[in-house]
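J.: sequence plus predicted model, see below.
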Protein chains: 2
Amino acid sequence: METLPSGPATINDVAARAGVGVGTVSRVLNGRTNVRPVTRAKVLDAIEALKYRPSSIARNLSLRRTHVIGVVVPFFTSHSAVERVRGVASVLGRSPYDLMLFDIEAEDRREHAFRLFDRGDRSDGLLLLSLVPPDDEVERLRAARLPCVLVDAPHPGFPSIVIDDVRGGELATKHLIELGHRLIAFVGDKPPDPFRFASSRDRTLGYERALSQAGIEARPEFVREGTQSHQVARGIAIDLLRLPQRPTAVFAASDAQALGVLEAARILGIRVPQELSVVGFDDVEVAALVGLTTVRQPLFESGRRGAELLLQLVAGGADQVVEPVVEQLPVEVVIRSTTAAPG
Amino acid sequence: METLPSGPATINDVAARAGVGVGTVSRVLNGRTNVRPVTRAKVLDAIEALKYRPSSIARNLSLRRTHVIGVVVPFFTSHSAVERVRGVASVLGRSPYDLMLFDIEAEDRREHAFRLFDRGDRSDGLLLLSLVPPDDEVERLRAARLPCVLVDAPHPGFPSIVIDDVRGGELATKHLIELGHRLIAFVGDKPPDPFRFASSRDRTLGYERALSQAGIEARPEFVREGTQSHQVARGIAIDLLRLPQRPTAVFAASDAQALGVLEAARILGIRVPQELSVVGFDDVEVAALVGLTTVRQPLFESGRRGAELLLQLVAGGADQVVEPVVEQLPVEVVIRSTTAAPG
DNA sequence: ACAACGGATGGAGCCGGTTCCACAGAGACG
DNA sequence: CGTCTCTGTGGAACCGGCTCCATCCGTTGT
């Protein structure tokens, strides 16, 4: 007497089989209390018999929410990004929200991804990692009333989780100065970064500030800029280390770049730390493995906090007033074996 | 004369404003050709004026597809998993599909995640990384006609992208034997692995086969099992290296574990490769940085191929006959600086 | 001039849930 | 014993698209 199953069972099938109305089935599904135990049992039996599972898409449409958090990240290829995503995943894992990952490698694709959220109906909230959204996108997102949190990127329109990059750069440089270095170079990102990272620029500021506080003259030829790739950093570092008067220490704006500097030193036969000190930034897992002195920023924690904050906003509903608070996580220098007093 | 915008514009609003029917708007949206240019222009104007964006949720419900690919991965904490996900992302990035990431850390949570797909309506296809689904889940997924591809895990029910783990283990061990080693230990995963990895077991098989082919007697005390964590591997390796007759070489079932072995050697003051040779497996990025000799498997490529294959299945529709083909990617030994002839 | 034909168009109905309102029936109370 | 709750329940309307069918209108053929 089974009707042949043309596709998965729907709530109507269940209602019919249990001899009740769809409203009642819905009430059972959503754990409402005002259903008679006998009725509830009938419904549960029917669900069991038909192997019924509600369609989440239909729920989405009806409830106007998706139970999805979108995570937008440029360069998923970078270790720091991965570490942050892990932090996010650790929070979402124990929430009813799923994680939609948008890896934005190219400018056009990035545009595309943002467009997706115009309507704001693909996700209930957006977490932007290391990425400052253009003002018009911010406007769109706000218009769509889509809760957003930024991690590692500030914007007056949204709450953000950041670190004090200037201070980080200052700490790193101070560490080198305290060791006795005077010839300190900097390897960072190009200013007109397509993804509008501000981090590297701020770290440069900290570097310059520390130098000036110590009364050390800044040398323009000691400040070099490339990209996050360690290959590029390696090339830059080779140039730097071939200068007539070469630096005795290098501060790199990221661990990836610091690794490139270490490679350059190895290629040129320059011993670290005896002849060259190197400080990185981020403290990715590899840093510990190769003994890199670096500025630790809580990467995992930043993702975790960002996700927590976002879930809070999402739970708060669309009509709450969101203060664009800026939450600052601590940075510290982790001294390992790539820094020492100049030889 | 604007109606006040109570929420985002819908297709009805557009139709009303353009003075046409919803069917026509839908036709314009979907690029059908049978619309008069004049009419099309009116519709496009209305869309522009109302800043209309179609609701993807409503489309999903209507079209019964989501444009989402689910990626299920245990231990997103591992480098190899991340590398595979990158491969997946690189393919999905230039497709209309979005990536939903399910990080399954705990057994119960994993169950939960699989349950989500019962209905098969959260995603149009599923990519399972390093994870053999239980038979009843396979049954469910098949019943839901949800296209699935396995990466780094075989199952007769689905196509899969794998490597020859036995051969990989054999190659690694042979490399050590050819260098002259006879006392070769193995560090791998515990057999009753909660996530049912088979890789480590197969790599053990390759190890044993290589030994027996070379006429070297297998020593049970040289085969140790722990988890993927390099801390655990470090502990195991310390035990191993304190044996009265200690091995001159260690083959670890993963780079993470090999790094643990290297740490152990450092702690015990055993020089690598002079006193101890170490071979890993995977060739994660760190391996190159620390100069680890290892068996390279194409991690990124496996994700890429898996995603390509899955998209093909998804495009093929639900009624196609899917042969559970097994695609095998090549492995090779990458010799770096942690292996040498025994001292 | 008229029938047959075919492309453009409007709109009801559907996808599968949720919600809200109307209503039935049981018990409380004057 | 009538009225007034108050709980439990059914089902229409709705979320916002897509699709198919009926209809309309302009051509073409005779």
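T.: Happy to help now that I have it. Residues are numbered from 1 along each chain as shown, chains lettered A, B, ... in the order given.
J.: low-confidence bits of the stretch 151-300 of chain A, can you list those?
T.: Across the stretch 151-300 of chain A, the ranges flagged by pLDDT under 70 are A:191-197.
J.: quick one, helices of chain A?
T.: Along chain A, the stretches classed as helices by DSSP state H are A:11-18, A:22-29, A:37-50, A:56-63, A:79-93, A:107-116, A:135-143, A:165-178, A:199-213, A:230-241, A:255-268, A:285-290, A:299-316.
J.: so residue A:27 makes contact with residue A:35?
T.: Yes - if you go by CB atoms under 8 Å, residue A:27 and residue A:35 touch, sitting 5.2 Å apart. Glycine gets a C-beta too; all of them are placed from N, C-alpha and C.
J.: find the closest residue to DNA strand C in chain A.
T.: residue A:11 (3.0 Å; CB to the nearest atom of the strand).
J.: which residues touch that residue?
T.: Residue A:11 makes contact with A:22, A:25-26, A:29, A:52, A:54, according to CB atoms under 8 Å, 6 or more residues apart in numbering or on different chains.
J.: who are the contact partners of residue A:42?
T.: By CB under 8 Å, 6+ apart, the contact set of residue A:42 is A:18-20.
J.: selecting buried members of these in PyMOL, what would you type?
T.: In PyMOL syntax, the buried subset of the contacts of residue A:42 is picked out as below (16 or more other CB atoms under 10 Å in any protein chain shown):
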select buried, chain A and resi 18+20
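J.: ok, and of the contacts of residue A:42, which contact DNA strand D?
T.: Contacts with DNA strand D within the contacts of residue A:42, as defined by CB under 7 Å from any atom of the strand: A:19-20.
J.: export the contacts of residue A:42 as CSV, with columns for distance to DNA strand C.
T.: Listed next are those as CSV, based on distance: CB to the nearest atom of the strand, whole Å:
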residue, distance to DNA strand C
A:18, 13
A:19, 15
A:20, 12
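J.: out of the contacts of residue A:42, who's nearest residue B:214?
T.: Nearest to residue B:214 out of the contacts of residue A:42 is residue A:18 (CB to CB; 68.0 Å).
J.: identify the residue spatially nearest to the closest one, adjacent ones excluded.
T.: Distance criterion CB to CB, 6 or more residues apart in numbering or on different chains; nearest residue to residue A:18, sequence neighbours excluded, is residue A:46 at 3.9 Å.
J.: how many neighbours does that neighbour have?
T.: Neighbours of residue A:46 under the rule other CB atoms under 10 Å in any protein chain shown: 21.
J.: who touches it in this structure?
T.: Residue A:46 touches A:14-15, A:17-18, A:25, A:52, counting by CB under 8 Å, 6+ apart.
J.: the closest residue to residue A:163 other than its chain neighbours and DNA strand D: what is the separation?
T.: In this structure, residue A:163 finds its nearest non-sequential neighbour in residue A:297, 4.8 Å apart by CB to CB, 6+ apart. As judged by CB to the nearest atom of the strand, to the nearest Å, residue A:297 and DNA strand D stand 41 Å apart.
J.: ok, now residue A:86?
T.: 34 Å.
J.: residue B:76 is in contact with that residue, correct?
T.: Yes - Residue A:86 is within contact range of residue B:76, at 6.2 Å (criterion: CB under 8 Å).
J.: of the two, give the one with the bigger neighbour count.
T.: Counted by other CB under 10 Å, residue A:86 and residue B:76 do not tie: residue B:76 has more neighbours, with 22 against 17.
J.: can you read off the pLDDT for the more buried one?
T.: At residue B:76, the pLDDT value in this model is 72.
J.: for it, give me its contacts.
T.: So residue B:76 contacts A:85-86, A:89, B:82, B:85, B:101, B:103, B:105 (CB under 8 Å, 6+ apart).
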